[in-house]
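*Asks:* Fold the following for me, if possible:
(one chain, ligands or ions: 2)
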Amino acid sequence: DAEMVAEGEQVLRILLDNGYEAYWVGGCVRDALMGRPVNDLDITTSALPEEVISLFERTVPTGMEHGTVTVLRGKFSYEVTTYRVEGAYENHRRPAEVSFVRKLSEDLLRRDFTMNAIARSLRGELVDPYGGAVDIEHGIIRCVGEAKLRFHEDALRMLRCIRFAAVFDYSIAYNTWKGLRRERNGISYIAVERIRTEMEKLMASSHPVKGLALLERSGMMQFARIPFTYHPDHAVISLLDHVPDSETAVRWVILFNACGISGAEAARILKQWTFSNERIQEITSILYIDNEVIHCMNSISNEQMKIKWIQLTIQYGKVAAKRWLFLRNILNMGPTELTLAASCWLKDMTVYSLNELNITGTEVITVAERKSGPWVGDTLKHLLLKVASGDLDNDRTALIEEVKRVISDEKR
Ligand code: ATP
Ligand code: MG
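*Replies:* Ligands and ions are numbered 1, 2, ... in the order given. Have a look, this model is predicted:
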């Protein structure tokens, strides 16, 4: 991290030595003032993109038309963006066209919130024309300029505003909130994947309950294509803050639960919302386990439940099974007889997937002296379930014996 800053300082120095202005800007300046870890280091400069490219050995023209060049140094990269103002806004979205300017103050004016409109020089002096540092001190999110106008220009800023409030646990300045309420329907012009990205950040924040409450009070939900039209159970949603922010999949499951949305419905919603297949699986696996367990919980014996649980663990994986335990313990505000038993069953499992069995499909076919077919998979699954539930040793001889037994049973 110190190395990343040091390398970045070299980028600033080279720009300065060549007669240009250059500053740290945006998220990195904000996060450092808050005492939070800094992620990406962004630089703003009076140099034009071509000038930036000519000064550094390794560059990537990331977004030339927006004035952004990525400068690579060592294992780090820095986004260097030319001072710019934005052209006319169309349809409540940021404009494709920008014009470059030579003054820092003009560049800062186009930025969304005062806390994001601070520049810091190499020597550590702040250029902070809109009082961002004071707002950070007071924990306030405030638009640069007139809120209503800024949200009208670019509706995504409204979601960013709420997301930042959830991430930093900040309050929103009165006029900013008023402007947001006025302009809320503009969010319908924003592409669904950008809304999804903001929602993922909101859900991963340290105060997701606050974020969701603000979202609801903003009146933006219906315009944002946020598909929770069901009446959410707020008592369930309030449990979200108890889930560590590393467990975002569990948070989504709690939200779906609070809205009475099943695993299959959630899969459809997340797909429409352009979540990746991997992410959809991660989230819905937990929900599918939950739906299934809750469905049969009161109608089957303990022994049947054990088999069911082991089957579900095999089907959805150990990670999802563990997350389900975590989910239920949170929803029930502590362990229950079932979660205690299930966590023991999980611990006692010695295998979780077919490739951990000490026998292969080909070997099964040889032992059975039969042609390959769907029965091979079924037999392997049967073996896995038996080994996983502790009824059969995972050694070759025992497995072969069991295959023979199953085959002769079938013949009878
Ligand atoms: P994070 O990276 O944590 O989401 P950030 O503030 O760095 O926060 P970026 O999207 O990386 O956000 O943008 C970098 C900077 O660009 C912001 O700090 C802000 O100054 C400016 N910016 C980004 N999006 C907008 C926008 N929609 N309107 C105006 N300025 C913006
Ligand atoms: Mg950033």
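
*Asks:* remind me which residues of the stretch 151-300 of the chain are low pLDDT?
*Replies:* Applying pLDDT under 70 to the stretch 151-300 of the chain flags the ranges 228-230.

*Asks:* which residues of it fall in strands?
*Replies:* 171-172 (DSSP state E, counting those that start in this stretch).

*Asks:* And the helices in it, which stretches?
*Replies:* For the stretch 151-300 of the chain, applying DSSP state H, counting those that start in this stretch gives helices covering 156-168, 174-183, 192-203, 208-218, 234-237, 248-258, 263-272, 277-296.

*Asks:* contacting residues around the residue in the stretch 201-350 of the chain that ligand 1 sits nearest to?
*Replies:* Closest approach between the stretch 201-350 of the chain and ligand 1, counting by C-beta to the nearest ligand atom: Lys201, at 6.7 Å. To be clear about C-beta, it is placed using only N, CA and C from the backbone, and glycine gets the same treatment. For Lys201, the contacting residues are Arg163, Val167, by C-beta atoms under 8 Å, 6 or more residues apart in numbering.

*Asks:* Which part of the stretch 1-150 of the chain gets nearest to ligand 1, residue-wise?
*Replies:* Taking C-beta to the nearest ligand atom, ligand 1 has its nearest neighbour within the stretch 1-150 of the chain at Gly27, 2.3 Å off.

*Asks:* Return the residues in contact with the residue nearest the centre of the chain.
*Replies:* A centroid search over the chain (C-alpha atoms, centre = their mean) returns Glu200, at 4.1 Å, as the residue closest to the centre. For Glu200, the contacting residues are Thr248, by C-beta under 8 Å, 6+ apart.

*Asks:* again, but for the one 3 residues further on
*Replies:* Taking C-beta under 8 Å, 6+ apart as the contact definition, Met203 lies against Gly211, Thr248, Arg251, Trp252, Leu255.

*Asks:* Out of these, which is nearest to Ile53?
*Replies:* When these are ranked by distance to Ile53 (C-beta to C-beta), Thr248 comes first, at 37.9 Å.

*Asks:* quick one on the thing from earlier: what separates the residue of the stretch 201-350 of the chain closest to ligand 1 from Val5, distance-wise?
*Replies:* Note on Lys201: its distance to Val5, by C-beta to C-beta, to the nearest Å, is 24 Å.

*Asks:* Need the nearest residue in space to Lys308, chain neighbours excluded.
*Replies:* Nearest non-adjacent residue to Lys308, counting by C-beta to C-beta, 6 or more residues apart in numbering: Cys296, 6.4 Å away.

*Asks:* Is it correct that that neighbour is in contact with Trp309?
*Replies:* No. If you go by C-beta atoms under 8 Å, Cys296 and Trp309 don't touch, sitting 10.3 Å apart.
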